[in-house]
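Novice: Using only what follows, build the 3D model:
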Amino acid sequence: MTPQEKAKQLVEKYRIMIKFDSVYNLQWNDPRPDEDSVSHKMAIKDAKMYALATANEVIEQEKNWINATNKGSSTFWKHVKKEINKL
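Specialist: You can find the predicted model right below:
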């Protein structure tokens with residue numbers, strides 16, 4: 001999987017969770033499924049924020065692992081962060 005594919009996958013997973021949760025939050029509950037709807041744009045914005053937090057956590061854990069073992073690299077996840085920001 002490429003960093004671009006992983007970025008899209010993470011954002012989409014969080015977007016789905018946010019939209020699912022919107023059933024209980026009337027502010028988000030917009031029946032229009034189109035990508036121009038306010039709820040869709042807000043969900044994408046929040047999904048990107050959560051995906052970036054996830055990537056940051058993985059990078060932090062990889063740094064700990066690299067420091068402890070002198071093995072590995074966090075290059076992949078740094079690229080994923082860049083791709084998330086491009087979305």
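Novice: and Asn56, how many neighbours does it have?
Specialist: Number of residues near Asn56 (other Cβ atoms under 10 Å) recorded here: 12. For every residue, glycine as well, the C-beta is placed using N, CA and C.
Novice: show me what contacts it?
Specialist: By Cβ atoms under 8 Å, 6 or more residues apart in numbering, the contact list for Asn56 reads Lys81.
Novice: Could I get the full set of helices for this structure?
Specialist: 3-21, 38-69, 75-86 (DSSP state H).
Novice: Reformat those as TSV; add mean pLDDT.
Specialist: Below are the helices of the chain laid out as TSV (pLDDT from 0 to 100):
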stretch	mean pLDDT
helix 3-21	89
helix 38-69	91
helix 75-86	96
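Novice: Quick check: closest non-adjacent residue to the most centrally placed residue in the chain.
Specialist: Nearest to the geometric centre of the chain sits Ala51, at 1.9 Å (Cα atoms, centre = their mean). Nearest non-adjacent residue to Ala51, counting by Cβ to Cβ, 6 or more residues apart in numbering: Leu10, 3.9 Å away.
Novice: That neighbour: what's it in contact with?
Specialist: Listed by Cβ under 8 Å, 6+ apart, the contact set of Leu10 reads Ala51, Thr54, Ala55, Val80, Ile84.
Novice: now the residue lying closest to the second one once chain neighbours are set aside: how far from Pro3?
Specialist: Taking Cβ to Cβ, 6+ apart as the measure, Thr54 lies nearest to Leu10, with 6.1 Å between them; neighbours along the chain are not counted. When Cβ to Cβ, to the nearest Å is applied, the distance between Leu10 and Pro3 equals 11 Å.
Novice: got it, and Lys48?
Specialist: 15 Å.
Novice: do the same with Lys45
Specialist: Separation of Lys45 from Pro3 (Cβ to Cβ) stands at 20 Å.
Novice: cool, Gln9 as well?
Specialist: As defined by Cβ to Cβ, Gln9 lies at a distance of 11 Å from Pro3.
Novice: higher neighbour count, those two?
Specialist: Pro3 (18 against 13).
Novice: Give me the neighbour count for the nearest residue to the more buried one once chain neighbours are set aside.
Specialist: Take Pro3 and drop its neighbours on the chain: the residue closest to it by Cβ to Cβ, 6+ apart is His79, 3.6 Å away. Neighbourhood size, His79 [other Cβ under 10 Å]: 16.
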